[in-house]
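1. Return atomic coordinates for the entry below.
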Amino acid sequence: MIESIPQADVTGDDTRRDFLRTAIGTGFAAAVLPVVAQTEIRTDSAGLAVGEVMIDVAGYQVPAYRAAPAGKTGLPVILVISEIFGVHEHIADVARRFAKQGYLAIAPELFVRQGDPSSYGEIDKLMAEVIRLTPDAQVMADLDACVAWAAKNGGDTARLGITGFCWGGRITWLYAAHQPAVKAGVAWYGRLTGPVTPQNPRHPVDLAGELKAPVLGLYGGQDGGIPLTTVDQMKAALAAAPEKARASTFVVYPQAPHAFHADYRPSYRQADAQDGWRRCLDWLSRHGAA
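-> Model (predicted):
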């Protein structure tokens with residue numbers, strides 16, 4: 001368990017709260033400190049059942065943050081997939097936002113076997129020691145277990161959606177190609193291409209023809225890590241894919257950088273994030289995941 005570590009106070013326009021995660025769904029990773037507090041959206045838990053649950057994956061217990069309307073069953077299910085920083089306060093807040101919309105939202109800690117993302121202060125080290133060592137196959141199995149857990153705990157998995165941010169955006173594309181029960185996915189600025197490794201043998205562009213459900217891609221035109229040429233590659237791959245995959249589409253926000261939905265970071269762009277959120281909910285509803 002990592003102890004909460006307060007940093008020096010900052011005065012002026014950029015008031016910040018700096019602390020590390022003490023439990024799933026709380027705090028932030030050291031690598032993204034300091035947090036820009038004045039832009040953070042806070043979603044309360046009134047009327048919700050929230051908190052950590054443990055999901056069994058072949059005998060291994062994977063922690064997940066769960067948020068759902070209290071006392072309700074038969075709920076549509078949304079898997080919320082984190083950035084490289086794990087299930088921190090922002091991801092838990094997104095889960096609560098979905099719960100306020102009537103979803104059983106599950107945000108699993110998919111790096112738990114490889115390490116604790118919140119303890120890393122350097123992104124390069126986090127990538128080398130945790131993220132790149134996390135196999136896609138392991139992630140797919142963990143998400144399958146989340147779906148099975150949801151079916152036994154108030155979820156209607158006939159109405160299954162998935163959304164994810166950055167690393168989780170890439171996973172959203174992969175899971176929509178892996179799991180036939182998925183009705184719709186929304187990928188926020190997830191990488192579409194990349195090097196082939198034992199952990200990442202295929203990327204979204206390679207799996208376009210295998211999508212079981214349509215995916216909405218929300219991307220930034222000023223994203224330095226995801227060139228728009230790769231979006232064009234994915235569009236071309238989708239155009240040659242079967243019908244369900246061809247229903248996928250992209251919205252590119254011309255002036256948005258990477259992580260424009262992350263309201264705890266300077267990259268946040270309120271208008272684009274709000275438009276993306278509206279489109280996300282509409283996409284899930286239109287494709288049977290609501």
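
2. Can you say which helix or strand has the closest residue to Val62 other than its chain neighbours in it?
-> Leaving aside its chain neighbours, Val62 sits nearest to Ile55 (4.8 Å; criterion: C-beta to C-beta, 6 or more residues apart in numbering). In this view, the C-beta of every residue, glycine as well, is placed from N, C-alpha and C. Element membership for Ile55 (DSSP states H and E) is strand 48-57.

3. Same check on Ala176?
-> Using DSSP H and E, the element containing Ala176 is helix 167-178.

4. what comes into contact with that helix?
-> With contacts defined as C-beta atoms under 8 Å, 6 or more residues apart in numbering, helix 167-178 is touched by 79-84, 110, 131, 136, 139-140, 143, 162-164, 182, 185-192, 202-204, 207-208, 210-215, 217.

5. May I see the buried residues of it?
-> Judged by neighbour count (16 or more other C-beta atoms under 10 Å), helix 167-178 contains these buried residues: Trp167, Gly168, Gly169, Arg170, Ile171, Thr172, Trp173, Leu174, Tyr175, Ala176, Ala177, His178.

6. Same question for stretch 117-125.
-> Going by 16+ other C-beta under 10 Å, stretch 117-125 has these buried residues: Pro117, Ser118, Tyr120.

7. Let me have the residues you listed in a markdown table, adding pLDDT, distance to Pro63 and secondary structure as columns.
-> Converted to a markdown table, the buried residues of stretch 117-125 look like this (pLDDT from 0 to 100; distance: C-beta to C-beta, whole Å; DSSP: H, G, I helix; E, B strand; the rest coil):
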| residue | pLDDT | distance to Pro63 | secondary structure |
| --- | --- | --- | --- |
| Pro117 | 93 | 13 | helix |
| Ser118 | 89 | 13 | helix |
| Tyr120 | 92 | 18 | coil |
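
8. the helices in this protein, which residues?
-> 89-100, 123-129, 136-152, 167-178, 204-207, 228-239, 243-246, 270-286 (DSSP state H).
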